[in-house]
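S.K.: The amino acid sequence is not available; the structure is as follows:
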């Protein structure tokens, strides 16, 4: 690394400055490498001690808070602070009963005159049992040799009514309570509830709710020109899975799958567990885009065209010469091309025009446009940890430029203009093409510059947000859920988590009470409109 520096060749101040800059970058790299080696050395020591039956170095939390890589402070700078949500005014509170309060007559003077009433609204709840003994009529027909028994009212199944079932679902999926605490709470009210019954309510008989969640996804995908996407981990019966989150301002949908590759995401966009594939002229364009060899494309042209193929059929077609001569990445690209062609050819689930996401590779090629999250991009720079004070100054100066440009984009969204768009493109090039004395920053700048087209989609589509926070907030709900309940313990539980969290989070966005909605469905009253219908009434479908 020091081969480029020869003190004998330094003849002027500029040469000395270049040598110092080079040395400082070497120091920066060596410092970071030393820290990494120390951490690895400690891990190896701990492992050796563990194999010897001893204990490793204890984990002691630092007294100082770890470095914050969040960019919320910079992102919100200059924005108007959101108004705090206040309680509903008393005029909107539904009155359940009225009670007149008399003033003690003995405390009134003799000349006191009655002037009416002064209303005071007090909110309260009543937690008590509502146990019912139904006397069902029983009839017997001698001619038919058959007994007729009056059925229970709609919504009553077994030994429990719709209210307690709705309350359990609400506490678990919207209230974030654990199953054990829910049982304890319900029993405190006086309801004799068992663990088996609660488990059945939480993860069994979800077919109707699966249809609700599917309708929400279809309506949500068609309600705006962009969608947010992200994923987070979820363990299913102790095995690592990934929860995929799709959302926009009108809905949030969850889908837990074993993988998070591009094929899985394509299936999630169609709410499917298994993909179908389609090969035709459109697929050939994908083959070219993915850089598949010409002989492979000629071979694939002999496959069945314009016919939907399932997973088993494609696996059989890939066997033989293709599987022997191609690597796993190339085989995956063939599947992706067929899956993308089938996805864009189907008409049940609206095709997403623009996807807002981070720069994870599985999100590429899925939609016509991909808008990268500026907050994620800023996070890469905040993760740089310069140890040289000079480099820290350079980084601080750049971060100021970064967030100033971000706020210019925000202003453009509020008032788009073609001339301003051209100016912003020029400004982007100037900021991210610069070369600084901090080499690690230069490497990061080159990566951002390569993302220019996907970071500046907003200039052509100013309605699209600059960040992916809605999807991250949706993921945070799953994280909180798994912190309390760890994860579903069965396949039926996995489906139930996705379905009910989809309904719960969508209801919250639409301002609908999740408890009232669940009770309406469990009691089979169906007085409330479907969440999917509300989304369609409020959304703004993108132009074709």
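M.R.: Ah, there it is. The structure presented is a predicted model; accordingly, all values stated were derived computationally and were not measured.

S.K.: just how off-centre is the longest helix seen in the chain within its chain?
M.R.: Ranked by residue count and defined by DSSP state H, the top helix of the chain is helix 13-51. Here helix 13-51 is found 36 Å from its chain centre; the criterion is C-alpha atoms, centre = their mean, to the nearest Å.

S.K.: same question for it, mean pLDDT?
M.R.: For helix 13-51, mean pLDDT is 77.

S.K.: Flag every buried residue along that helix.
M.R.: Across helix 13-51, burial judged by 16 or more other C-beta atoms under 10 Å covers 19, 21, 22, 24, 25, 28, 46. All C-beta atoms are positioned from the backbone trio N, CA, C, and that covers glycine.

S.K.: and residue 247, backbone torsions?
M.R.: Dihedral angles of residue 247 (phi, psi; degrees, to the nearest 10) stand at phi -160, psi 170.

S.K.: repeat for residue 149
M.R.: Its backbone dihedrals place residue 149 at phi -120, psi 130, with angles given as degrees, to the nearest 10.

S.K.: For it, grab the count of nearby residues.
M.R.: The number of residues packed near residue 149 is 10, by other C-beta atoms under 10 Å.

S.K.: Same check on residue 301?
M.R.: Residues lying near residue 301 (other C-beta under 10 Å) number 13.

S.K.: same question, residue 225
M.R.: By other C-beta under 10 Å, 16 other residues sit near residue 225.

S.K.: what's it in contact with, if anything?
M.R.: Applying C-beta atoms under 8 Å, 6 or more residues apart in numbering, one finds that residue 225 lies in contact with 353, 354, 461, 463, 464, 540, 542, 543.

S.K.: tell me which residues of stretch 328-338 are tucked away?
M.R.: When neighbours are counted by 16+ other C-beta under 10 Å, the buried residues of stretch 328-338 are found to be 333, 334, 335, 336, 337, 338.

S.K.: domain assignment for the chain?
M.R.: Domain assignment for the chain by automatic domain parsing gives 212-364+468-514, 374-459.

S.K.: who touches the closest residue to residue 225 other than its chain neighbours in this structure?
M.R.: Spatially, and ignoring its direct neighbours in sequence, residue 225 is nearest to residue 542 (3.6 Å; C-beta to C-beta, 6 or more residues apart in numbering). Applying C-beta under 8 Å, 6+ apart to residue 542 gives the contacts 224, 225, 353.

S.K.: Can you tell me which of these is closest to residue 291?
M.R.: residue 353 (25.4 Å; C-beta to C-beta).

S.K.: residues near that closest one, how many?
M.R.: Here the number of neighbours of residue 353 (other C-beta under 10 Å) works out to 17.

S.K.: picking that back up, among the contacts of residue 225, which ones are in strands?
M.R.: Judged by DSSP state E, those include residue 354 as members of strands.

S.K.: When you filter the contacts of residue 225 down to buried only, what's left?
M.R.: Burial by neighbour count, judged by 16+ other C-beta under 10 Å, picks out 353, 354, 461, 464, 542 from those.

S.K.: Per-residue pLDDT of the third one, please?
M.R.: Meaning residue 461. 96.

S.K.: ok, so of the contacts of residue 225, who is nearest residue 260?
M.R.: Of all the contacts of residue 225, residue 354 has the smallest distance to residue 260: 20.7 Å, by C-beta to C-beta.

S.K.: Identify the residues contacting the closest one.
M.R.: The contact partners of residue 354, taken as C-beta under 8 Å, 6+ apart, are 225, 226, 227, 367, 368, 369, 370, 371, 457, 461, 464.

S.K.: Tell me where the stretch 401-544 of the chain is predicted with low confidence.
M.R.: Across the stretch 401-544 of the chain, the ranges flagged by pLDDT under 70 are 543-544.

S.K.: mind redoing it with 90?
M.R.: Applying pLDDT under 90 to the stretch 401-544 of the chain flags the ranges 539-544.

S.K.: Contacts only, for residue 444.
M.R.: Applying C-beta under 8 Å, 6+ apart to residue 444 gives the contacts 380, 381, 384.

S.K.: if we can go back for a sec, is it possible to get JSON lines of the domains of the chain that adds distance to residue 190?
M.R.: Formatted as JSON lines, the domains of the chain follow (distance: least, C-beta to C-beta, whole Å):
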{"stretch": "domain 212-364+468-514", "distance to residue 190": "24"}
{"stretch": "domain 374-459", "distance to residue 190": "49"}
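
S.K.: Out of the ones you listed, indicate the one that is most buried.
M.R.: The highest mean neighbour count among the domains of the chain, using mean count of other C-beta atoms under 10 Å, belongs to domain 212-364+468-514: a mean of 18.

S.K.: start to end distance for it?
M.R.: In terms of C-alpha to C-alpha, to the nearest Å, the two terminal residues of domain 212-364+468-514 are separated by 13 Å.
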